[in-house]
Each structure stands twice: as structure tokens, then as C-alpha cells.
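Trainee: kindly return the folded structure for what I paste below:
(chains A and B)
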Protein chains: 2
Amino acid sequence: MVPESKTNNVKVIIVGGVAGGASCAARLRRLDENAEILMVERGPYVSYANCGLPYHVGGAIEKESSLLVATEQTFREQFAIDVRTRCEVVGISAAKRTVELRNHATGEVTTEHYDKLVLSPGAAPIRPPLPGIDLPGIFSVRTVPDAREIREWLDRDTVDRSGMHSYTGYQTVMPAKRAVVIGGGFIGLEMVENLVHRGLEVTLIEKLNQVMPPLDPEMARFVERYLIKHGVHLELNDGVAGFEQSPDGLLEVLTSSGKRHPADIVILAIGVRPETALAKMAGIEIGQRGGIRVDEHMRTSDPDIFAVGDAVEVKDYVTGQWSLVALAGPANRQGRIAADVITGRDSRFRGTQGTSICQIFEAAIAQTGTTEKFLTQLGETDFEKIYIYPNSHAGYYPGAKYLAIKVIFRKSDGRLLGAQVLGEDGVAKRIDAFAMAIQMGCTIYDLEEAELSYAPPFGSAKDPVNFAGMVAADILRGDMPISHWGSEDGRFLLDVRNPQELAVESVPGAVNIPLPQLRGRLGELPRDREILVICRSAQRAYYATRILLQNGFNAQCLSGGMLSRSVLLEG
Amino acid sequence: MVPESKTNNVKVIIVGGVAGGASCAARLRRLDENAEILMVERGPYVSYANCGLPYHVGGAIEKESSLLVATEQTFREQFAIDVRTRCEVVGISAAKRTVELRNHATGEVTTEHYDKLVLSPGAAPIRPPLPGIDLPGIFSVRTVPDAREIREWLDRDTVDRSGMHSYTGYQTVMPAKRAVVIGGGFIGLEMVENLVHRGLEVTLIEKLNQVMPPLDPEMARFVERYLIKHGVHLELNDGVAGFEQSPDGLLEVLTSSGKRHPADIVILAIGVRPETALAKMAGIEIGQRGGIRVDEHMRTSDPDIFAVGDAVEVKDYVTGQWSLVALAGPANRQGRIAADVITGRDSRFRGTQGTSICQIFEAAIAQTGTTEKFLTQLGETDFEKIYIYPNSHAGYYPGAKYLAIKVIFRKSDGRLLGAQVLGEDGVAKRIDAFAMAIQMGCTIYDLEEAELSYAPPFGSAKDPVNFAGMVAADILRGDMPISHWGSEDGRFLLDVRNPQELAVESVPGAVNIPLPQLRGRLGELPRDREILVICRSAQRAYYATRILLQNGFNAQCLSGGMLSRSVLLEG
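Mentor: From the prediction side, this is the model:
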């Protein structure tokens, strides 16, 4: 046990009382009973669960009070922290080490001195200056009052404006209200789910060619199909041009392609932008991605000013690039680190690997590490990718679902670079194993040997994580050369599935030799051409590739098989 | 891509066609088209899902055929492997490199030469030579025929022998049949669940002072309470002395303590013993734990004989001790490694960390790495442990359940040594993160910084794994000295909970100062005594300990708080 050191009654002002700010304040008090800590928050609440807002709108979280994780009272009583809500910083003088605070209730402006200032202003939803953007019924989802206003708006009006009625037996079913969600990222998808859950008919508009930007586009295809299957109207590759409102109050969303989408409510979930007004006021450095620049101690260019959370740029742990990552986990850890450093410790933030998960209906979409598209953007070529579709748990135990997994790894040394996992069961189990693996610098050879939990309801003796490692290692060891869809031209296509499988879906031009017949029919295959081997998921194709290679053929396995084909080729 | 090398038509005989043996055979063929591979299996099936047998008995897996993961035909057609079922090795000559095979169907005995022999005989259920052990109605659970016989036995007899009837409204409810399960390990617990699921009244008899030996006893207490809550009659610390059968066929289980438990069916799940008869026949070395001794290449003391699976001793990855671990994952990996080595590769088995998970009713019980009891047995003292009880996911999102987590780590360097996780939600997610962490040599400081998946339905911004790391790091950094229950004597007990919490359960002799009042009432505390601080889960006790330490008191936090107390003290 180290003796507790007497501290110098340092005065710390923390701007922003959610996630990073709140974590910083509580940690600071635990480390230093003598510090004077003032935490100011512009909004009415501190430490609220903004990740829960979509579920409050949807009704899964019924009470607004459930969203208040820790109250002002908690901070005052347990941590002896001076908390001021509805209090905004309107001026910073880094030279004098003072901030000007405006009390929104009284309008009073006071000046407070600080020894250390911690900025945790977060990121603001982007509201582009489009025609009609300020019409009533267009909402962002950032704060508890936002969620309250959305709920009130949805509850407000039960009048059926459509003039249509449908009859199911003796029950009159009112047509669902229409919602348009703009932006297919985390918040957008969570809002889609929750609005559908409330019975609304939902259109999702996304300017990019994919939903869920942390995924590679071909993995996002699975999500898009899933949304459509659940009745969501999906409009990709179309931006919003403006909003109009009819005299009876119905909104219309106008898109760049000229479409008009009627809406009783519009949710803006285009993305967020770091709140850097305070940082600019303080004259501290802003990074290349538009966030506050900090070092690994969370210190800004002014040694007495720290910044944490969604407003700062962080190093991508895998690629080393600066990035903007709006995630609660890193924000909390950064808050702790700033507190550590202020009290004289040498804590460092190791960067973020962007681990994230999103529930959408019965499925989960998860990602950790980097993506193929980001590596490509960086000009990287020293990587390979695999697609696998294993069962979430033993196939013979009820409830097993297919997972769709993409794993990206370095070709030169096998280092794991990124993983994307989608499915209706067991997603969190796998993404966390991959996340821990990336943190510890795992190779795909380590994944092969991972000893993960298995019993029939939870996994398989070869867990999907092991399986990913084995497939990747087969490639790097040269046991299984692979190709990806799109490389078929000029190659001999060999489909080793059974004839009845081909009846459902087949590849034009492919020759069918079912795997059990392959050894006896090698004479039908060309020795002067590259043979691409196809099956459903690539497992039998792997077996076939092994047979062919050992018999002197030039064979490659088509990664992900038919299961990858549809999303990769047909989009 | 490496060129495929021509192999020497090596002949490999694999004894045992499940898990390790089947994995070895398939891998061998993939690596070597020219090998002659003979796989013999004593039973009627190869590659069946023995982990699924309890669920087949319970009915969750309805069809017996679902248990047959890969058939003889698969091995013949896809892998060109000569498979012989109902075929037993009755002699081995290591000198001549031959085995004698008896065909159970014909009685014929043949001699086969091998270049390499792979033993994968598994482990056999222990059947102690007790009086009455061979009475009808006493079953082990190892093979598909075992499960079939149990099902037939349960279906066989619908006659109510008890003479009692109970009436619920107009429905006559027949009393449940009575089952006695002997042994509270994985198979025992899975059988308990499945027999309860079938409507039986179940008594579980366990000779040790705890169920689930891979757990430390105080963690097993949670499981025992959970079993009792689900109507299971639990008899700990009582061995089976024998069995009797009344003239009408009802069994009675007699215990060492003199009790008699009537039973319509008895399941023996006392444990397993490595099948070493073949190894002894071959004259190869048996290890100190009674399993076949192999090196990291899975090679036995005879260079041409390999052994894999439940019959071999493996190195405990954390402690380096030889151990017997009957788990499917390691067995499969060992099979692959033996195949690799036989075909000239340098693959090595890294040992096992004993990762396991078991479903029991709505809960899961999981463990990875080593336990406190094993470390203590080894005389180790360089370790510390923590107990935490975090929510499985954000408390404000519906369905969050408490997890009970014990983490063991090295005091000198923070290395993670073991984790035990129990609960009704999110157990697999956490044990796999801990498992990957242990594999990669993580410290608890790495756990603090782990970036795991978080969204309200799946976790918390500070995941339980992070939380474990933070609590452990607080201890090692000297920020939070801790004690464990049982160390109260002579110490001043300070309970910082609210008075209404004390009304439910309190600690005799403890002084209550609620945390919010602590700073103002420090004068009531002794400066000359060690103060043990108590709250519900130890979170507020940690805050209080920080306040006390910084004010010059000698304070320690009671790890796990009241939630640990009941299991640690009251058993």
C-alpha cells in the first residue's frame, strides 16, 4: 500500500457532465479528497444514459428517470463535487486560467478560476442548413429532452391522416404513422428499430452506398437485406435536399434524386461533429479531423487544459491514424486518465480500436479493429480477408443461427487487424474475443488455438473464432490459396456442391462435380488453367482445393462460397 | 503458396472416431492425399455429439440423428478414410507396429500394420464397484446408446408407483418420477437440468463440499442455491454407498451418511477416468495423473504413437501443472496437431486453460484459467482475488441480470490467472474475453483498458471485464487495500449503506455511517484500529475507503460486500 500524498487543493473545472466528464469528476475525487471540483453541464442532467435514448423513444425503457444514471445529488453527496446544471461556459481565458459561466436559470454570468480545465463537451448532431430543417417534427436524438420531445410528438397525434383503413376480421387497424430516419449509422438504425417497434412505417434514407459505416459495404449488405425483410423502406445513395410541410402539418422529405417521402416525424441521424467552440475559445489546437488534439495523457496543446470524449481526436489503435470515435467506453476511460494525470499519475490512453455493437431487431451488428475500406483508403496492401458463416452454437442444439463473419489480417505476419460479426445469436461473445485479441496483438495463429467457452447452447468445440483463425492460417501457410468473388474471369469454375443445391442457385459457367466424386473425376479438370472452387460456405471447396493441389492442379478456394456471392456480386 | 510435397503413403491407424480422433483423421487427409488412413471405433457411431447427450435425454434435441455430426459415409466419401465402427483394438505391438482389431459384428480378428498410430480412446465414466451398481435403471451418459437407453427407461414406465395422487382442478396430476443424479460436475448438472425439464423430481448427490469442481467453493455456493431454488434436492458431502432394488423395481440409493433416496432412475456422473488400457498394451508412458503422457507434439513415449483427447495428460497453461481435462475444444485441437506432426509439420499444443461453460436452467456457469483452491494446493501465495457483481448490461435497459464474477491475479505483476463468471445473461461474452486475455498473458491493467462491445442491450460503457480490471488495479496500485470476509475479528466494521438496506441484512457489531454522511462524521471513527468498510457490492465501500485513507485512517474495503458475505460466511 502506497501512502496517500497530500495534494495541493488544486481547483479543477470540468465542462460537460456526461460520460467522460462525469467519469473524470468521480475519479478525481477518489484520487484527491482535497481537490476543488466544479462540474458544469449546459443541459438539465448530468451522467445520463444517452445510449438509452432510442430505447426510451421505443418504449423498452419506459421511464425517463431510468436514464439518469447518477444524479446531481449523487455527485454532491458521494463525491463532494460542485455540480451546476443548465450552466454554460461562455468564455475561456487560457492565459488567466478562467472560465466565464452563464447560469441559464438566472442569466447571471460569473468568472471562475481553474488550475486545470477538463473539456468534455461531446459531439453535436449534424443539422445541415437545408430548406425546412427547422420545421416542427424534425428531431435529433442527443439529450433526454430530445427523447421527451420525440415521445410527445409521437403521442400527440393519433388522427389518421391517410384516409385509408384496413379491416382484419372485426378489428379496425389504423395505418401506421410514417417516420423518415435520415442516416443509417448506429443512432439511425437504433431509431429505425424503435420506431418500427412503436408501430411506425419507417423509411431510412442514407446518402452513402451502405448503412452502418463501421462495416465494409459487403457486410452492410446483410444488414440492408435484414432491414428490408423487417419492412423498412431503405433508400441508399440518396441525400436529403430539404423538407416541406403541407398545410395539415404533414412533412415531406425531399431527396437529391427528386423523391418525396411523406413523414409524420423525421429523425436526423446524419452523424455528429465534435463540439470545438470551447476549444477554439481557449485557443487550443484542433486536429486534422476536426476534433480537439490531445496527447496520450489527454492533455491539449495547453498544459492546463485536458479534453476527453467525443470532442477529441484519438489514435486508431490498429492503423495509428487520427480518428473521431464517438463511443461511451473510450470516453469513460479518457475521463479516468485525465483525472489520473491531473493528480500526478502517468496513465496513458492507448487509442481506440472502434469496438462497437448495435442491436437491430433480433440481430446484432458488431465490429472491432479496422476495415478493408479504411486500409484500402490508406493504400495498404499487406492484408487478406476471409468470410465465414459458422453456426452461433452447436448446430444440433436448438436456436443455432448463422453468423456472418469477416476477418481481416496482415499477410506478412498474420496479425489480426479487424473483425466484423453479424447475426441473431452469439455476436457479442465473438466480437469481444476478437476485440481482446486485437488489443493484445494476436495473430490468426493465436485465434486457432484460442480456448473459448463451449457447451452446446453457447458455442462449438471449434468456436467461430477458432474457425476464423484456422481458415486464415490455412491461407497464410499456403494450404488454401483463395480468391474472392469478382475474380472469376478466365478461370475454370468448379462447383463441388450436390446437384440439388445447384437447383436453388448456381453460378453460370461453373462445372459441377460433387465433392464425393472429385477424386474419381480429376480427369475432367484442366491442368493448364486456374481452377476456382465453389461450394455453399467454402468448407467443401477447401477440401476440394486440398485434393486438387495435391494432385498438381492450380486451384483456389472461393472465400465465403455462395453465401458471400450474393452480397458481393448482387449487392 | 508453398508447393505440395509428395508424401510417402504413410499408413495411419486412428483408434477412436469421436472428437480428437475424427479431427485428426480429417486433418490428416486434407494434408496428405496419399496417406492410408484407417479409423476404428469401438461403438456404432463416429463423430457424434457427446456434449449433446444430456439435451437429447431432456428432449431439447429431439432426434437421435441430430447427434451424428459426421457419418461414416462422410468420412469415406469426403475424406477417403477407411472407417470401421463396432471395431475394437484388442492388441497392440509397438515393436512390430501392428494392432489386432476385433470386428464386433463378425467376431473376426485381423492384424493391421501402422506407420503411425493415434490413440483417441477418450475417458470412461467412473463406475465404482458398489453393491448394486449393476442394477437396471443405473446409467452413465457417454454414448448415443447410453442416451437411447435412458430415454427408453424414462418412457418405459408410466405406472404411478407412489400410491399418491394430487388433484389440481379437474386435472389429475401424476407425481413426477424421481431421479437421483450422482455427481455435480458438468454432466451431472446438465442431466439435472434435463431431467427437471422432463418433469422428474431430481436429487443431486455430491461427495465433495461443492458442486461444479472447476469453480472455487464459494462461487459454487451460488450454483447450489440456484439449484435449490429450482426445486432440486441437493445433498452435498455425502457419497454413495450402494444401491438396492425393491421387488417392484424401485431403486434406492444408499449414501455414506446412511440416507436412502428412492429413485426411478439413477444417473452416474461421478467423473471420468482416462482410457489407458490401449496405452498400457502398447507399453507407452502413463503420467502422474493417470493419463497418457504426451509431449507438445502429442507424441507419446513411443515416437510412432500419438495420443489425443480425454485420455491424455495436458499441461495447465496457467500453472504449468499436468492435468486431466475432458473438454471437446482441446481434444479437437490436439487431433489437428497430431495430424500436422505426422505429416511433418512443427505444430505444438500450448496446453489448456480449462475454459468451460455449463448451462443450468436460465443460468450459465463459466470458468477459465486456474482457481484459488488449486493455487492454494500448489502452495502459491503470490495472488489476490476479487469478487464483483456487475449488471450483465446497462441497468436501465430491460433484462439486465447480476453477474457474479471472481477474478484471480498475480500480486507481483498483475497477471490474470483465472476468472469465474456466473449469471443469467452475458456470461459467455465475459468468459471468452477473460479466456482470450489469459491466453495472451494479459494483466489486470490490460483488462482496465479493454475495448469491448457496448450498447445497452449487450453491456455497459464500463464492461464487467473492465470493471474487474479497474477493481484489481485499484488494489495493486495501493488505492484500495482489501480484505475478505472472515477477517473481521479485532477490526472496526464500518457499514456505509443506507439505513433501509441494513434493515434487510446487517453485520453484527458494524457501525453504520451512510456514505453521504461520512466526510462529516470522520470524528466517530478510530484512528488506532483497522477499519473494514462494508456496503452491498463494495462500490460505495471503495469510495469510503478512499475518503478514509486520504484522511489518515487505516481502512480496507471488504471485497464483494454483503453480496459475497452470505456465500463466504454462511455457505
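Trainee: can the lengthiest helix in chain A be found next to chain B?
Mentor: Using DSSP state H to define each element, chain A has its longest helix at helix A:328-342. Yes. Applying C-beta under 8 Å from any C-beta of the partner chain, one finds helix A:328-342 touching chain B at A:Ala328, A:Gly329, A:Pro330, A:Ala331, A:Asn332, A:Arg333. C-betas here are computed from N, CA, C, even on glycine.
Trainee: dump that helix to CSV, restricted to CA.
Mentor: Extracted in CSV, the C-alpha atoms of helix A:328-342 (Å, rounded to 0.1, in the frame of the first residue of the first chain):
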residue,chain,number,x,y,z
ALA,A,328,-19.0,5.7,-24.5
GLY,A,329,-16.3,3.2,-23.4
PRO,A,330,-13.3,5.2,-24.6
ALA,A,331,-14.9,8.4,-23.3
ASN,A,332,-15.2,7.0,-19.8
ARG,A,333,-11.6,5.7,-19.9
GLN,A,334,-10.3,9.0,-21.1
GLY,A,335,-12.1,10.8,-18.3
ARG,A,336,-10.3,8.5,-15.8
ILE,A,337,-7.0,9.0,-17.5
ALA,A,338,-7.3,12.8,-17.4
ALA,A,339,-8.1,12.6,-13.6
ASP,A,340,-5.1,10.3,-13.1
VAL,A,341,-2.8,12.7,-14.9
ILE,A,342,-4.2,15.8,-13.1
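Trainee: so which elements touch it?
Mentor: Helix A:328-342 is packed against helix A:20-31, strand A:116-119, strand A:305-307, with contacts defined by 3 or more C-beta pairs under 8 Å, 6 or more residues apart in numbering or on different chains; DSSP states H and E.
Trainee: relative to helix A:328-342, how tilted is the first one?
Mentor: Looking back up the chat, that one is helix A:20-31. Computed with axes from the mean of the first three to the mean of the last three C-alpha atoms, to 10 degrees, the direction of helix A:20-31 lies at 40 degrees from that of helix A:328-342.
Trainee: any chance you could map the helices in the stretch 251-400 of chain A?
Mentor: A:277-282, A:328-342, A:372-377 (DSSP state H, counting those that start in this stretch).
Trainee: would you list every one of the helices in the stretch 101-250 of chain A?
Mentor: A:144-156, A:186-197, A:217-229.
Trainee: Serialize these to JSON lines and add fields for mean pLDDT.
Mentor: Below are the helices of the stretch 101-250 of chain A laid out as JSON lines (pLDDT from 0 to 100):
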{"stretch": "helix A:144-156", "mean pLDDT": "93"}
{"stretch": "helix A:186-197", "mean pLDDT": "97"}
{"stretch": "helix A:217-229", "mean pLDDT": "96"}
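Trainee: ok, which of those comes nearest B:Ser412?
Mentor: helix A:186-197 (41.5 Å; C-beta to C-beta).
Trainee: tell me who's in contact with the residue nearest the centre of chain A.
Mentor: In chain A, the residue lying closest to the centroid (C-alpha atoms, centre = their mean) is A:Ser356, at 4.4 Å. The contact partners of A:Ser356, by C-beta atoms under 8 Å, 6 or more residues apart in numbering or on different chains, come to A:Phe186, A:Pro214, A:Leu327, A:Ala366, A:Gln367, A:Thr368, B:Ser453, B:Tyr454, B:Ala455.
Trainee: which two in these are spaced the farthest apart?
Mentor: Most distant of the contacts of A:Ser356, by C-beta to C-beta, are A:Phe186 and A:Thr368, 14.4 Å apart.
Trainee: more crowded one of the two?
Mentor: When A:Phe186 and A:Thr368 are compared for neighbours, A:Thr368 comes out ahead with 31 against 24, by other C-beta atoms under 10 Å in any protein chain shown.
Trainee: contacts only, for the more buried one.
Mentor: The neighbourhood of A:Thr368, defined by C-beta under 8 Å, 6+ apart, consists of A:Gln353, A:Gly354, A:Thr355, A:Ser356, A:Gly418, A:Ala419, A:Ile431, A:Phe434, A:Ala435, A:Ile438, B:Glu451, B:Ser453.
Trainee: same question for A:Cys87.
Mentor: Here A:Cys87 is in contact with A:Val40, A:Glu41, A:Arg42, A:Leu101, A:Arg102, A:Asn103, A:His104 (C-beta under 8 Å, 6+ apart).
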